[in-house]
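[1] Quick one, fold the following:
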Amino acid sequence: MVNMLAADMTEKNGTSPPRQVKEMYARGIVSLFPYLSDPFSKNGYEHYYDGESGTGYLAWRIKTIQRSTAKDRRSSFGESAKGSSEDVSGGPTVRRESEFVPETALTEDECNEAISLMKHSADEDIVKKKMKLTFEHRRNMVLDPQQSSNILSEFPRFKDIKGLVEQDFIQMFGEGISSKLLERWPVMFKKKIIQQCRKLPSTSELEELLLAADPPENGTEVDFGWDSDLSSVLLLLHLIPPSAQGRKRPGKVSASQAEKHLVVFKKTGTNIQEHLDAITSQAQPYLLAVGVKKNTIHQFFIILDKNAIPCRSTSSLGAFDELFKAHFVFGTSYNSMLHNMYTFIQTTVYNIDVGKVKESPRVSEVRARLLR
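    Presented below is the predicted three-dimensional model:
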């Protein structure tokens with residue numbers, strides 16, 4: 001549809017149609033097909049054309065047409081495409097006002113004393129209390145490029161006391177936002193994602209995930225793949241696939257390839273330290289799932305900078321919830337292969353920084369389908 005409309009537009013208005021013409025076509029799409037309207041955008045059609053940023057499906061298709069007919073403009077197109085993908089003022093790496101306001105502000109000496117006490121205390125309640133009191137100090141460390149890499153050395157209890165990632169996230173955003181994924185995914189998103197993925201071109205990986213996410217009603221046991229909840233999360237990668245990685249990177253990445261950057265399975269008995277020692281390059285946070293088989297996991301870990309942070313939850317959806325939150329708690333950007341999916345989770349499920357981050361048109365389109 002976009003190709004046909006862009007062809008019609010350029011045929012009638014040349015290869016550089018005026019802004020009002022592109023807006024007219026975009027507005028016409030959602031007028032004729034209301035279910036394609038994005039409820040999170042100002043006018044509902046910005047994923048087809050956003051006049052303020054010059055992005056959207058129609059804009060990108062027109063730029064492709066311009067590129068093929070005017071090769072001398074290729075470099076400028078590349079620069080604009082790069083600039084359009086960057087976040088504006090939101091996401092896990094930006095400084096923000098926290099929901100939590102401590103009753104008393106610690107002096108520098110009191111803060112250092114609390115940090116020292118936490119490292120050696122065997123009382124988890126005391127550690128959690130001191131972690132709350134040192135939250136602002138920790139946030140300043142996380143957002144300081146010179147100190148951020150030392151966060152797990154300064155606060156090592158993340159690695160042995162479960163629930164500290166959740167606690168910091170709640171201090172940033174509050175209980176209401178923190179609970180959104182676990183409350184909304186099963187009732188608002190899971191079933192619709194499965195339905196939308198059934199319309200995608202069939203592949204063996206996609207069919208396996210669909211079968212695991214939505215087992216047969218006749219009681220036939222599905223004894224392969226991940227469990228139902230994690231399979232539905234991985235289906236979102238097929239619905240919102242990774243963007244092309246550019247010329248210097250491995251080009252287009254499949255959803256199955258991107259999955260390996262989200263979760264890794266290891267059998268029960270695996271030496272976790274050996275897994276950490278085998279990591280040769282710095283990577284964004286991912287889940288390490290340890291169990292008898294993929295759909296029978298007894299422990300999840302968040303792997304970050306060759307450190308294993310145990311998840312409090314033993315459910316796959318709960319572990320994914322903690323993985324997402326770890327990006328904000330430790331101020332780390334999303335893996336480029338998972339950026340589109342995480343952006344959808346951030347804005348559409350948690351409602352964090354809505355309107356403040358750049359979203360690909362695919363994210364807006366999928367949101368329009370799922371929330372209609």
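
[2] worst-scoring helix or strand of the protein, pLDDT-wise?
    helix 74-84 (a mean of 35; mean pLDDT, DSSP states H and E).

[3] Next SSE downstream of that helix?
    Sequence order places helix 108-120 as the next helix or strand after helix 74-84, per DSSP states H and E.

[4] quick check, distance from that next one to the centre of its chain.
    33 Å (CA atoms, centre = their mean, to the nearest Å).

[5] Check which helices and strands that helix sits against.
    helix 124-133 (3 or more CB pairs under 8 Å, 6 or more residues apart in numbering; DSSP states H and E). (Each C-beta comes from the backbone N, C-alpha and C, glycine too.)

[6] Name the surrounding residues that touch the helix it packs on.
    Here helix 124-133 makes contact (CB atoms under 8 Å, 6 or more residues apart in numbering) with 100, 102, 104, 106, 111, 114-115, 117-118, 121, 138, 155, 157, 161, 163-164, 167-168, 171.

[7] how about 7 Å then?
    102, 106, 114, 117-118, 121, 157, 161, 164, 167, 171 (CB atoms under 7 Å, 6 or more residues apart in numbering).

[8] Check stretch 208-224 too.
    Looking at stretch 208-224 with CB under 7 Å, 6+ apart, the contacting residues turn out to be 194, 197-198, 225-226, 228, 231-232, 234-235.

[9] Could you identify the buried members of those residues?
    194, 197, 225-226, 228, 231-232, 234-235 (16 or more other CB atoms under 10 Å).

[10] So for those residues, which is the shakiest by pLDDT?
    Least confident entry in these, by pLDDT: Gly225, with 91.

[11] Now that residue: which helix or strand?
    Judged by DSSP H and E, Gly225 forms part of no helix or strand.

[12] so who does Val264 touch?
    Val264 sits in contact with 286, 288-289, where contact means CB under 7 Å, 6+ apart.

[13] any chance of those residues in CSV, plus secondary structure, pLDDT and neighbour count?
    Output for the contacts of Val264, formatted as CSV (DSSP: H, G, I helix; E, B strand; the rest coil; pLDDT from 0 to 100; neighbours: other CB atoms under 10 Å):
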residue, secondary structure, pLDDT, neighbour count
Tyr286, strand, 97, 19
Leu288, strand, 97, 23
Ala289, strand, 97, 23
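
[14] Turn these into TSV, columns for distance to Ile29.
    Shown next, in TSV, are the contacts of Val264 (distance: CB to CB, whole Å):
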residue	distance to Ile29
Tyr286	37
Leu288	43
Ala289	41
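
[15] Include pLDDT and neighbour count when you put the contacts of helix 124-133 into a markdown table, please.
    What follows is the contacts of helix 124-133, written out as a markdown table (pLDDT from 0 to 100; neighbours: other CB atoms under 10 Å):
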| residue | pLDDT | neighbour count |
| --- | --- | --- |
| Pro102 | 71 | 13 |
| Leu106 | 85 | 17 |
| Ala114 | 95 | 19 |
| Leu117 | 96 | 13 |
| Met118 | 96 | 22 |
| Ser121 | 95 | 15 |
| Arg157 | 97 | 18 |
| Ile161 | 97 | 18 |
| Leu164 | 97 | 22 |
| Gln167 | 97 | 18 |
| Gln171 | 95 | 21 |
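
[16] for the residues you listed, which one is nearest Glu52?
    Of all those, Glu52 sits closest to Gln171, with 33.9 Å by CB to CB.
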